[in-house]
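[1] let me see the structure of the following:
(one chain, ligands or ions: 1)
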Amino acid sequence: MASVHLNVRPTAALNKTESAAQGRYRAGLQIALLKNHIHILTKRVLFNMHSDPRELGQFIPAHYHANMLNDETRMRGFQEAIDYLVPEGARVVELGGGTGVLSHFAAQRASKVWCVEFNPDLIKTASVLLPQNTRGDRIELVHANANDWLPPEPVDVVICEMLHTGLLREQQVNVIHNFKQRYTAHFGGPLPAFIPEACLQAIQPIEQDFVHEGFFAPCLQFQSPVTQQARSQEKGPPTVFQAFRWDENIPMNCSFDNALQVDRDGRVNAIRVITKNLLAIVEDQQRSIDWHNQYLIVPLPQPIDVCAGDKLAVSFSYAPGSPLTALTQSLDVQRMAQYASNALTAEN
Ligand SMILES: C[S@@+](CC[C@H](N)C(=O)[O-])C[C@H]1O[C@@H](n2cnc3c(N)ncnc32)[C@H](O)[C@@H]1O
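    Numbers count the residues shown, from 1 in each chain. Alright, predicted model coming up:
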């Protein structure tokens with residue numbers, strides 16, 4: 001894989017004194033609510049955490065698609081990647097077409113685009129929008145489940161944006177994995193190109209200011225990857241735990257069991273999850289066209305006092321497409337020295 005860089009923007013230093021509420025946190029206030037009943041407003045939809053397929057981000061109401069259309073970094077990234085990777089006259093498939101916007105970008109170059117969507121409301125929306133835009137006649141809307149649909153002929157490019165931070169909730173991994181297997185069995189090789197081309201995931205120790213106008217609320221939350229985050233203090237560099245290309249072997253598990261480096265004194269009370277999508281790798285210019293999902297901030301049950309040079313033992317493991325709780329419930333973070341002494345106690 002071409003070399004890729006995380007390119008994580010530093011956040012502003014946080015200047016604050018400890019409040020009474022934070023003192024309680026330091027004293028070890030348990031925040032079990034974060035692991036059980038969490039409601040989070042994501043960029044897309046208010047989900048609740050039960051074993052219901054709707055929580056996985058597959059059913060996204062039509063009006064939330066406007067948020068996606070308004071996300072300029074996402075839109076410009078995909079447009080540039082599609083311009084770069086879709087050859088003139090190509091045959092293209094989009095899995096999970098939504099409003100049809102990415103199919104629209106592809107149709108400016110491709111001779112034929114199959115836009116597959118399983119939500120009937122969005123099929124209706126796209127069928128109204130596409131004819132109002134240039135080259136809508138090159139796009140065939142297909143009301144089908146991407147998990148069992150194949151194009152009628154081999155294609156050059158597959159576009160799919162079913163992406164959520166940590167590869168949680170949405171089904172990109174399963175959909176692309178299944179598509180590749182069925183496509184190869186049906187058409188033989190070669191596989192089409194995929195947009196995005198690759199995925200890189202990292203975690204980073206941070207101190208997050210969870211006090212809001214005096215109200216202490218260490219909640220799981222999302223934050224913009226493209227604006228300064230005055231409430232976040234980075235306590236160490238991001239550590240990559242996963243990097244893969246969508247046209248190669250896709251990991252069917254997201255896991256980490258290793259050390260996170262700390263390079264600043266203070267305390268770590270949250271882990272930031274970073275998912276960087278390499279929409280296209282522009283090898284001749286040694287760069288990639290990137291789009292980051294929103295950062296996910298996972299509060300720790302207990303803050304950990306740290307010194308520069310410390311290491312944190314971090315572990316988690318979950319299947320892609322799982323609810324957010326699959327990450328939060330498997331996440332374990334400890335200072336290395338403490339980790340070693342716990343291991344010793346367990347052995348004895
Ligand atoms: C994050 S949205 C992206 C929509 C659009 N591609 C865009 O970029 O604006 C993902 C879309 O995939 C659709 N989707 C999810 N699972 C699907 C499946 N198994 N088959 C077809 N569409 C699916 C959702 O309904 C949603 O419209």
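[2] quick one: mean pLDDT for stretch 202-220?
    Mean pLDDT, stretch 202-220: 98.
[3] how about the residues of the stretch 51-200 of the chain near the ligand?
    Proximity of the stretch 51-200 of the chain to the ligand (CB under 6 Å from any ligand atom) is limited to residues 58, 60, 65, 68, 96-99, 101-102, 116-119, 122, 145-147, 161-162, 171, 175. Every C-beta, even on glycine, is put in place using the N, C-alpha and C of the backbone.
[4] list only buried entries from these.
    Buried by 16 or more other CB atoms under 10 Å: 58, 60, 65, 68, 96-99, 101-102, 116-119, 122, 146, 161-162, 171, 175, out of these.
[5] report the buried residues of stretch 79-94.
    Under the neighbour-count rule (16+ other CB under 10 Å), stretch 79-94 has Gln79, Glu80, Ala81, Ile82, Leu85, Val86, Ala90, Arg91, Val92, Val93, Glu94 buried.
[6] Pro205 sits in which helix or strand?
    Secondary-structure element containing Pro205, defined by DSSP states H and E: strand 198-208.
[7] each with direction, which strands does that strand pair with?
    strand 232-234 (antiparallel), strand 239-245 (antiparallel), strand 266-282 (antiparallel) (DSSP bridges).
[8] downstream of the longest one, the next helix or strand is which one?
    By that I understand strand 266-282. Secondary structure here is assigned by DSSP H and E; on that basis, the next helix or strand after strand 266-282 toward the C-terminus is strand 287-292.
[9] what residues sit buried inside that following strand?
    The neighbour-count criterion (16+ other CB under 10 Å) identifies Ser288, Ile289, Asp290, Trp291, His292 as the buried residues of strand 287-292.
[10] now do the same contact list for the fourth one.
    For Trp291, the contact set (CB atoms under 8 Å, 6 or more residues apart in numbering) comprises Thr73, Arg74, Gly77, Phe78, Pro196, Lys276, Asn277, Leu279.
[11] what's the average pLDDT for stretch 62-81?
    Throughout stretch 62-81, pLDDT has a mean value of 94.
[12] counting neighbours, what do you get for Trp328?
    Residue 328: Thr, not Trp. For Thr328, the number of neighbouring residues by other CB atoms under 10 Å comes to 22.
[13] equivalent analysis for the one 4 residues further on, please.
    In terms of burial, Asp332 registers 13 neighbours under the definition other CB under 10 Å.
[14] for Ala202, see how far away it is.
    Counting by CB to CB, to the nearest Å, the gap between Asp332 and Ala202 amounts to 18 Å.
[15] which of the buried residues of stretch 79-94 sits closest to the ligand?
    Distance to the ligand across those (CB to the nearest ligand atom) is lowest for Glu94, with 6.3 Å.
[16] quick one: what helix or strand has the closest one in it?
    Assigned by DSSP H and E, Glu94 falls within strand 91-95.
[17] now do the helix or strand that comes right after that strand: distance to the chain's middle.
    Later in the chain than strand 91-95, the nearest helix or strand by DSSP H and E is helix 101-107. In terms of CA atoms, centre = their mean, to the nearest Å, the centre of helix 101-107 is set 22 Å apart from its chain centre.
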